[in-house]
Structures are given as structure tokens and as C-alpha cells.
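Peer 1: below: sequence and its predicted model.
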Amino acid sequence: MGKHGLHAVSDRAWEEHYDLPVVGVRTEARIQDLLKRLTAESDHSRRLQILVQEIRKSPQAFSGDHVIRLSKLFPNNFLLALHLLDHHVIGINCAQVNLLLSLFPQPAQKLDALNILTEHVLDPINRNILFQQFPTPMRRQVQPILDAMRGRSHAYGTIRSERVVFLIDISGSMSTSLRTNCGEFFNRLEFVVHDLHKILHHRVGGDFRFNIITFATHAHKWRNHLQKASRSNLRAAEEYLDHLEPSGGTNTHDALRMAIEYEEADTVYLLSDGEPTSGLTDPRDIINDMRIWLQRRRSPMTINTIAFLMGHHTDDPKPRQLMAQIATAGNGVFRCLDPHTGEEDYYNDGDGNDDDFVSYFEQRIANIPSNLISNYQDEIAQVTALGNLGTLGPVGTLGADIPYNPMGITVSLNDPLATGTSASKYRQAAKRRTRNPAEISIISTRTDLYPERHTEYLIQVEIRGIIPGREIKWTVEHRYNDFSELKSLMDRYLPSGASPKIPGKTLTRNMSSDFVEFRRKQLESYLRQIYVKFDPSEIATFDSFLLYDLYISEAISQAEVGDFEEQNAREQMATRNGAFNPELDPTAPPMYVQ
């Protein structure tokens with residue numbers, strides 16, 4: 001048994017901890033608005049479409065009470081609606097399950113519903129009240145379902161993915177104590193570790209693969225690759241988790257970067273109890289970088305977040321806000337365990353398009369059992385055919401999703417620049433071009449005495465051919481240790497023995513000019529070789545080293561702004577001169593660009 005002594009708590013005792021304040025759900029005003037829109041629509045397919053659009057608009061979850069109220073508006077397809085909500089349901093207690101089962105007239109329907117609802121139950125200790133919904137001959141079928149109830153994870157909910165990375169904050173503040181409704185005391189980390197232990201041992205199948213990343217002042221991964229949920233790996237993970245100790249700061253940025261680099265994973269669960277205090281700490285920078293990393297992935301990834309704030313005595317909304325923003329940007333679910341949370345809205349009402357909606361809807365139905373799909377085939381086809389409903393209400397706290405804009409160039413969402421229809425030739429040119437090794441060089445070195453005596457290498461990147469008549473040039477500075485770390489990370493993308501070499505470390509700090517020049521040439525050669533092999537914009541580690549996408553995007557954005565202003569000036573001149581512009585609607589009134 002490890003430091004936390006978690007196994008001293010029996011499974012039955014742990015079931016009694018269900019009544020924790022899992023909050024951060026949609027506000028009453030939002031639910032009232034949703035119910036009003038659903039009530040106004042009589043078509044069942046339209047109602048499903050409205051529900052899916054509502055799920056897209058916010059990472060916040062639905063409470064058990066919300067599910068009860070929504071069920072009355074889906075009398076003929078409630079099971080399908082519940083599957084669409086899935087892990088957006090924060091949890092349901094047995095009394096609420098009992099009420100939902102009573103909506104189904106036939107025992108066979110009740111049994112189908114029970115199979116789905118058990119995934120959401122928070123209080124399995126009260127499971128026996130559900131027997132009353134079934135006639136005596138069916139209770140033999142019901143008993144195994146109830147016996148298998150383990151209770152939904154307080155922090156993580158139901159995990160559907162089979163390729164998961166768990167990010168766990170182990171900073172000093174995770175030592176904060178909390179008292180459960182059973183009168184027992186745990187610190188935050190102990191509670192989270194036990195919750196994750198319960199998931200790994202009771203909620204995953206044989207095809208499940210996972211990894212664990214812990215982060216405090218620095219981020220550390222348990223294993224280099226996702227691990228199969230075999231007995232030996234689960235025991236190793238349990239041992240690793242059971243010996244974690246809270247200490248240090250909170251480096252959310254590096255933990256997210258490390259998780260998103262796992263191409264084999266498709267889902268991340270980020271749990272933290274505070275604001276970032278180490279590494280990159282500005283929430284705007286963290287969100288922007290996260291969006292870039294997600295865009296570079298070869299396959300989609302969902303990022304769910306949990307703000308675990310039990311045990312504190314003051315209300316600080318900032319950790320909740322950051323976790324909600326990360327979940328929004330990662331198309332995930334935001335959960336919050338916080339005794340002080342009031343009603344807060346985290347909405348993103350940016351416009352979508354039909355393709356986005358259909359893609360999102362297809363993702364929502366991907367895990368629905370085939371028998372249920374066959375029962376609702378017509379409605380699913382109708383929802384897909386209806387496409388996107390457009391904006392469903394006022395812009396909320398988070399505002400509309402805007403393009404990544406690292407240099408702060410201001411554009412309107414109504415501009416072609418913001419919607420990606422202007423000057424895409426530059427971005428296409430950046431992707432199509434052949435990288436020349438001469439574009440990257442180490443042009444100088446300097447000796448620095450802080451924090452200890454070392455050499456800094458000034459790297460220059462100079463690119464032509466993306467924007468006609470203009471070169472894109474910038475410099476970045478790194479010391480030898482940065483090169484060594486880059487090599488260890490880039491080696492993962494190369495076959496064994498195929499990685500270019502860099503000079504090795506020395507036992508003493510050799511600062512002679514000959515040695516430094518030798519290193520400069522060797523490091524330059526290394527950079528040129530991997531630069532030809534890999535597009536820096538597609539590998540977060542390499543991109544962060546060179547700040548490649550930052551400067552390329554800045555130059556392209558400036559060129560796009562210039563082209564857009566030039567086009568506006570031409571249209572303005574043509575309008576003032578009364579000239580006909582075939583690109584404009586001839587029936588529209590003249591437009592004057594101020």
C-alpha cells in the first residue's frame with residue numbers, strides 16, 4: 001500500500017461519497033431558454049438538432065434535474081437524446097433514474113433505459129429502489145445490471161474513448177484537505193487518485209489504452225507511449241499514482257503540449273485546482289498554443305477539463321474560467337467540483353456551418369449501440385439532412401471563436417480574412433514549398449554568465465517564395481541544453497539509428513573559441529537535416545524551438561491584410577467612378593469602405 005493508504009477505503013464506503021458538489025452545470029437561464037426553443041418546435045428531428053446545437057455551444061454539463069426536464073420533450077426518442085448528451089450529463093442519482101424509468105410503459109423499454117442510465121448513476125448504494133420498476137419475472141435480468149453498478153466517477157464522469165491521456169495537477173495546492181459527506185478527510189490529490197484508480201479497475205475494457213502525465217513546476221509522463229490496460233500495467237499505474245506527492249507550481253502549458261503530442265490518443269482529461277504559476281502562465285497564450293497544437297495533429301483530439309476546487313474557503317473564479325476555456329477550445333466537457341460556484345455561463349455562440357454540424361452530429365452518434373441506431377434511423381437521417389441551425393442565442397462569456405492571431409492584427413469576423421477565404425494562396429504556398437537547408441543557420445554565438453556560464457547560439461531562419469517579393473526572416477536564441485532536449489524529442493519521429501547526431505556533453509564547461517565554433521557547425525548541421533525532413537509547423541516541439549509558425553503566420557496575416565485593403569481600395573475607387581464590378585452583386589446598393 002502506498003503513501004495515500006487509499007486501499008483502506010472499501011468499495012462500499014467509497015460509494016457513499018456520491019453527494020459531492022459537482023457543479024459548473026448550465027445555468028437555469030440557459031436551460032429555460034433551451035426548453036422554450038424545444039417546446040416551440042413540434043418536429044422530433046428538429047428537437048434533436050436543437051439539442052445537439054446546444055451541446056456544441058458550451059462545455060458545461062447537464063445536471064440530473066436537467067435530464068428529467070428534457071425527457072418530457074423527447075417522449076418518443078428519449079434514449080437517443082440521452083446518448084447524444086452522454087458525458088455532458090454530470091450524473092444522475094437513483095431517485096432520478098427511478099423517475100425516468102417510470103416514463104417508459106413497457107418493461108422491456110425500462111430494461112433498455114436502465115442499461116443506459118446505469119452509466120450515469122452517482123449513488124449505486126441506493127440501487128435497490130430501482131427494482132420496483134420491474135415485474136418479478138424480470139428481476140433476474142435486472143439483478144446483474146444493478147450489481148455491476150460502480151458509480152460514476154465524481155471527477156471524470158463516464159469515459160467513452162479507448163485512447164486516453166490523463167493530466168493530473170500535483171502542485172502544492174493539491175495538498176488542500178477536504179471533508180466528504182461521510183465525515184472522512186482526504187487531500188485533493190488523494191481523492192483524485194482514488195477516483196482514477198476506480199476508473200482504471202472498474203470502467204475500462206481490454207482495448208483501453210492510456211497514459212498519465214503529472215504536472216507541477218514541470219510536466220512528467222508516466223510512460224513514453226499509451227499503455228494497454230493489462231493487469232501488469234494497471235498495477236504499475238496504481239503504484240505510480242499511489243506514490244505521488246503534491247508540491248511545486250502549476251505548469252498547465254507544458255502538460256497540455258506533452259499530451260497533445262500523443263498522436264495515438266484521441267481524448268485528454270485535464271484536472272487542475274488552480275491558475276498556472278510555472279512555464280507560460282497567460283491564459284490567452286495557453287489557449288492560442290493549444291489551438292495551434294490541435295490544428296497540427298493528423299487526427300482530432302478532444303480535451304475535457306475538471307476544476308477540482310474542493311476544500312477551499314474563498315471563491316476565486318479564475319481557475320474555473322481557464323478550465324472552461326480550455327474545454328471549449330478542445331471541444332470537450334467542463335466539470336467543476338467547487339463548493340463556491342454560483343451560476344456561470346461559459347458559452348461560445350460563434351457560427352458553424354452545415355459540414356461542421358454534420359461532422360459533430362456523426363461523432364455524437366458514433367458510440368450508440370447498433371440496435372438503437374436501427375430504431376431511430378429515420379430521425380438520424382433527417383437530423384443530418386437538416387444541417388446547421390445557425391446561431392442559437394446571444395454571444396456568451398467566451399465570445400465567438402476567432403482565428404489564431406499571435407501578433408494582434410485586428411480583423412472582423414465578417415471579413416473574408418477571418419473566414420479563411422482571402423489570400424489562401426500564401427498558406428498553400430507555405431505548405432507546398434520545398435524546404436531548403438540553407439534557410440536555417442546559426443549565425444553567431446555569445447557567452448552568458450547567468451544563471452551559470454554557458455554559450456547561446458543565435459539561429460536565423462530566412463524564407464523566400466511564400467509571399468512574392470518578400471523574405472520572411474527572424475532569429476531565435478538557444479543554449480546547448482535546448483538542442484539536446486530537442487533531439488531527444490525529435491528522435492521519436494525517426495527510425496532507430498536514423499537520427500542525425502549532435503556533439504555530446506562535456507564534463508567541464510569548455511568555452512574556447514575553437515570548441516564553440518565546432519559545436520556551432522555541428523548544431524547547425526543537425527538543424528538543417530531535421531528541417532529538411534520535417535515541416536516545423538506540423539511538430540509542436542520543433543515549432544516551439546524555432547517559433548516557426550508564429551513568424552510565418554504573422555507575415556502571411558500582414559500580407560493578407562495588405563491584399564484585403566488593396567482590394568477594398570479598388571472596389572471603393574470603382575464604386576466612386578461608377579464602374580461595374582462583376583464580383584459584386586449588381587442588384588445591391590453601393591458600398592463605401594471607410
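Peer 2: Now that the structure is in, tell me what you want to look at. Numbers count the residues shown, from 1 in each chain.

Peer 1: backbone phi and psi for Pro105, please?
Peer 2: In terms of degrees, to the nearest 10, the main-chain angles of Pro105 are phi -70, psi -30.

Peer 1: okay, now it: neighbour count?
Peer 2: Taking other C-beta atoms under 10 Å as the criterion, the count of residues near Pro105 is 7. Any C-beta I mention is one placed from the backbone N, CA and C, and that applies to glycine too.

Peer 1: separation between it and Phe78?
Peer 2: Separation of Pro105 from Phe78 (C-beta to C-beta, to the nearest Å): 12 Å.

Peer 1: and for Ile129?
Peer 2: From Ile129 to Phe78 the distance is 20 Å (C-beta to C-beta).

Peer 1: tell me which of these two has more neighbours.
Peer 2: Phe78 (20 against 11).

Peer 1: give the contact list for that one.
Peer 2: Ser71, Leu100, Leu103, Ala113 (C-beta atoms under 8 Å, 6 or more residues apart in numbering).

Peer 1: 6 Å instead?
Peer 2: Ser71 (C-beta atoms under 6 Å, 6 or more residues apart in numbering).

Peer 1: what does the one 4 residues further on give?
Peer 2: Leu82 sits next to Ile116 when contact means C-beta under 6 Å, 6+ apart.

Peer 1: show the pLDDT at it.
Peer 2: Leu82 is assigned 81 on the pLDDT scale.

Peer 1: confirm that it lies within a helix, as I assumed.
Peer 2: Yes. Leu82 forms part of a helix when assessed by DSSP: H, G, I helix; E, B strand; the rest coil.

Peer 1: distance check, it against Ser63.
Peer 2: 14 Å.

Peer 1: try Val268
Peer 2: Computed as C-beta to C-beta, the Val268 to Ser63 distance reads 24 Å.

Peer 1: what about these two, which has more around it?
Peer 2: The neighbour count for Val268 versus Ser63, taken as other C-beta under 10 Å, is higher for Val268 (24 against 20).

Peer 1: can you name the next helix or strand after the helix or strand encompassing that one?
Peer 2: Per DSSP states H and E: Val268 is located in strand 267-272. Using DSSP H and E, the helix or strand that follows strand 267-272 towards the C-terminus is helix 283-296.

Peer 1: after that next one, which helix or strand is next?
Peer 2: Immediately after helix 283-296, counting by DSSP H and E, sits strand 302-308.

Peer 1: what packs against that next one?
Peer 2: strand 267-272, helix 318-329, strand 334-337 (3 or more C-beta pairs under 6 Å, 6 or more residues apart in numbering; DSSP states H and E).

Peer 1: okay, these, which one's buried deepest?
Peer 2: Of these, the one with the most neighbours on average (mean count of other C-beta atoms under 10 Å) is strand 334-337, at a mean of 26.

Peer 1: and it, what's its mean pLDDT?
Peer 2: 81.

Peer 1: likewise stretch 545-559?
Peer 2: 83.

Peer 1: likewise for stretch 161-172?
Peer 2: Mean pLDDT, stretch 161-172: 94.

Peer 1: now it - C-alpha only, CSV.
Peer 2: Only the C-alpha atoms of stretch 161-172 are listed here, as CSV (Å, rounded to 0.1, in the frame of the first residue of the first chain):
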residue,chain,number,x,y,z
SER,A,161,-12.7,6.8,-25.5
GLU,A,162,-10.3,3.9,-25.6
ARG,A,163,-7.2,6.2,-26.3
VAL,A,164,-6.9,8.5,-23.3
VAL,A,165,-4.2,10.7,-21.6
PHE,A,166,-4.9,11.7,-18.0
LEU,A,167,-3.3,15.1,-17.0
ILE,A,168,-3.1,15.4,-13.2
ASP,A,169,-2.1,18.5,-11.3
ILE,A,170,0.2,17.6,-8.4
SER,A,171,1.2,21.1,-7.4
GLY,A,172,1.4,22.1,-3.8
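
Peer 1: for it, what is the distance to the chain centroid?
Peer 2: 12 Å (C-alpha atoms, centre = their mean, to the nearest Å).

Peer 1: again with stretch 303-316
Peer 2: 18 Å.

Peer 1: one more: stretch 255-266?
Peer 2: 10 Å.

Peer 1: so which bits of it are buried?
Peer 2: Ala255, Leu256, Arg257, Met258, Ala259, Ile260, Glu261, Tyr262, Ala265, Asp266 (16 or more other C-beta atoms under 10 Å).

Peer 1: low-confidence ranges in the stretch 51-200 of the chain?
Peer 2: 180-184 (pLDDT under 70).

Peer 1: I figured Ala324 hits Phe334, correct?
Peer 2: Yes. If you go by C-beta atoms under 6 Å, Ala324 and Phe334 touch, sitting 4.6 Å apart.

Peer 1: need the residues touching each of these two.
Peer 2: Taking C-beta under 6 Å, 6+ apart as the criterion, Ala324 and Phe334 both touch Pro59.

Peer 1: relative to the strand holding Val268, what are the paired strands and their orientations?
Peer 2: Note on strand 267-272: by DSSP bridges, its sheet partners are strand 163-169 (parallel), strand 302-308 (parallel).

Peer 1: name the next helix or strand downstream of the first one, please.
Peer 2: Along the chain past strand 163-169, the next helix or strand (assigned with DSSP H and E) turns out to be strand 177-179.

Peer 1: what helix or strand is Gln522 on?
Peer 2: Applying DSSP H and E, one finds Gln522 within helix 513-533.

Peer 1: give me the residues contacting that helix.
Peer 2: Outside helix 513-533, the residues touching it (C-beta under 6 Å, 6+ apart) are Arg435, Pro437, Ile440, Ser441, Ile442, Thr445, Thr455, Phe483, Met490, Pro500, Ile502, Pro503.

Peer 1: please save the CA atoms from that helix in CSV.
Peer 2: The C-alpha coordinates for helix 513-533 follow below in CSV (Å, rounded to 0.1, in the frame of the first residue of the first chain):
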residue,chain,number,x,y,z
SER,A,513,36.5,29.7,-29.3
ASP,A,514,37.6,26.6,-31.3
PHE,A,515,35.3,24.3,-29.3
VAL,A,516,32.3,26.7,-29.5
GLU,A,517,32.8,27.1,-33.3
PHE,A,518,33.0,23.3,-33.7
ARG,A,519,29.7,23.0,-31.7
ARG,A,520,28.1,25.7,-33.8
LYS,A,521,28.8,23.9,-37.0
GLN,A,522,27.6,20.5,-35.7
LEU,A,523,24.4,22.0,-34.3
GLU,A,524,23.7,23.9,-37.5
SER,A,525,24.2,20.7,-39.5
TYR,A,526,21.7,18.9,-37.2
LEU,A,527,19.1,21.6,-37.5
ARG,A,528,19.4,21.6,-41.3
GLN,A,529,19.0,17.9,-41.5
ILE,A,530,15.8,17.7,-39.4
TYR,A,531,14.5,20.9,-41.1
VAL,A,532,14.6,19.1,-44.5
LYS,A,533,13.0,16.0,-43.0
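
Peer 1: identify each buried residue in that helix, please.
Peer 2: Those would be Val516, Arg519, Arg520, Gln522, Leu523, Glu524, Tyr526, Leu527, Arg528, Ile530, Tyr531, for helix 513-533 by 16+ other C-beta under 10 Å.
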